[in-house]
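> Model the structure of this input:
(one chain, ligands or ions: 1)
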Amino acid sequence: MELVERRDFLAITSTVGAAALAGCAVRCPPVQTGTGGVVSTDLSDPDVLVGWAWRDEESSLIEAQEPDFEVVVRGCSDTDVLRLRARPVPARLDLTDVAARMARTMVDASGVGIAGPQVGLSLRVATLMLDYKTDKPYTIFARNPVIIERSDETVDGYEGCLSIPGVGGKVRRNNWIKVTYENEEGEKITTEAHRHNAVLWQHEIDHLNGVLYVDRLLGELMSMEEVRRRRQELDKLPLEGSHIIPGSERLSIRGRLNRIWPGIHLG
Ligand code: ZN
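Have a look, this model is predicted:
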């Protein structure tokens with residue numbers, strides 16, 4: 001299959017100098033698999049909460065009562081959480097406040113997604129602003145999301161990350177996925193996601209497994225200035241052309257929507 005660049009660049013708004021770019025060009029260490037704390041075979045079991053506890057560093061964050069969390073940025077102190085496999089969330093664990101704070105943090109950081117580890121919580125939770133390319137975006141809070149099916153068809157795009165500010169790079173993702181997760185009310189949801197939503201889900205679920213987009217990078221990291229420049233070049237291309245994956249007619253239409261969100265953080 002011919003894979004070619006598409007026009008939706010997921011950009012970070014700030015520009016970076018050469019020094020900052022060089023610093024971020026260092027590849028991350030291999031993905032580690034932490035123990036994940038308490039792991040249950042049945043998260044819907046009410047008794048699972050028995051014996052479950054926040055870690056000390058998480059308790060500090062929870063009890064801080066700040067309106068927002070701070071985003072854990074790679075390269076700063078205490079960033080191991082970004083490389084751990086986050087632990088599952090018990091069904092009865094009340095995360096109402098956590099969800100509200102994560103949503104505020106995401107919006108304040110100009111992101112469209114944020115995962116638990118990005119706010120210092122090694123939990124399998126994520127906040128996602130779905131349909132963010134449209135004029136009707138909506139935000140969900142997902143607990144224990146799992147990708148249960150993927151398309152063979154892939155799409156290349158430029159991603160940025162709140163935890164790796166100032167740079168972006170090309171990543172190949174599945175163009176369609178089916179996901180299960182639990183919503184804030186604990187209901188089991190099964191949903192399908194295409195294109196931008198699918199990329200967002202994959203980016204956030206990667207975070208829950210200690211994976212960053214730079215681990216999947218095609219080519220080099222680049223400054224967001226360069227990402228914007230490439231995006232502008234692609235915007236000049238006709239919608240029906242080499243930047244469209246063959247056989248995906250709908251993508252050409254949706255491509256125009258990218259112009260609504262010229263510079264965003266993926267999550
Ligand atoms: Zn990210």
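> from memory A91 sits against E185, does it?
No - in this structure A91 lies outside contact range of E185 using Cβ atoms under 8 Å: 10.6 Å. Bear in mind the C-beta positions are built from the backbone N, C-alpha and C, glycine included.
> So if I had to pick from these two, which one is more boxed in?
A count of neighbours by other Cβ atoms under 10 Å puts A91 above the other of A91 and E185, at 18 against 6.
> any chance you could read off phi and psi for that one?
Per-residue torsions, A91: phi -60, psi -40 (degrees, to the nearest 10).
> which residues touch the closest residue to the ion within the stretch 1-150 of the chain?
The ion sits closest to Q118 of the stretch 1-150 of the chain, with a gap of 6.4 Å, by Cβ to the ion. Contact partners of Q118, counting by Cβ atoms under 8 Å, 6 or more residues apart in numbering, are 71-72, 82, 162-163, 207, 267.
> try 6 Å this time
71-72, 163 (Cβ atoms under 6 Å, 6 or more residues apart in numbering).
> Reformat these as a markdown table; add pLDDT, secondary structure and distance to the ion.
Output for the contacts of Q118, formatted as a markdown table (pLDDT from 0 to 100; DSSP: H, G, I helix; E, B strand; the rest coil; distance: Cβ to the ion, whole Å):
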| residue | pLDDT | secondary structure | distance to the ion |
| --- | --- | --- | --- |
| V71 | 95 | coil | 9 |
| V72 | 95 | coil | 10 |
| S163 | 97 | coil | 5 |
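> Figure out the helix or strand that P67 lives in.
Under the criterion DSSP states H and E, no helix or strand holds P67.
> Leaving out sequence neighbours, find the closest residue to it.
Closest residue in space to P67, ignoring its immediate chain neighbours: R104 at 6.2 Å, by Cβ to Cβ, 6 or more residues apart in numbering.
> isn't the one you found right up against E70?
No - applying Cβ atoms under 6 Å as the test, R104 and E70 come out as separate, 11.5 Å apart.
> quick one: the helices in the stretch 101-250 of the chain?
195-208, 224-235, 249-255 (DSSP state H, counting those that start in this stretch).
> Quick one: list the elements packing against the longest one.
The one in question is helix 195-208. Judged by 3 or more Cβ pairs under 6 Å, 6 or more residues apart in numbering; DSSP states H and E, the packing partners of helix 195-208 are strand 113-115, strand 125-130, strand 176-182.
> Pick out the residue of this structure closest to the ion.
For the chain, Cβ to the ion, closest residue to the ion: C161, 3.2 Å.
> contacting residues for the closest residue to that residue other than its chain neighbours?
Excluding the flanking residues, the one nearest C161 by Cβ to Cβ, 6+ apart is Y213, at 5.7 Å. Neighbouring residues of Y213 by Cβ under 6 Å, 6+ apart: 159, 161, 171.
> Next step: these restricted to strands.
159, 161, 171 (DSSP state E).
> Near the ion, which residues of this protein are found?
161, 267 (Cβ under 5 Å from the ion).
> And the strands in the chain, which stretches?
5-9, 113-115, 125-130, 138-150, 154-161, 164-174, 176-182, 188-194, 217-223.
> what about Y138, how many neighbours?
10.
> residues in contact with it?
L130.
> give me the beta-bridge partners of it?
L130 (DSSP bridges).
> quick one: Y213 from V167, how far?
10 Å (Cβ to Cβ, to the nearest Å).
> Oh, that last question was meant for V227, not what I typed.
8 Å.
> again, but for L217
10 Å.
> What subset of the contacts of Q118 is buried?
Burial by neighbour count, 16 or more other Cβ atoms under 10 Å: within these this picks out 71-72, 163.
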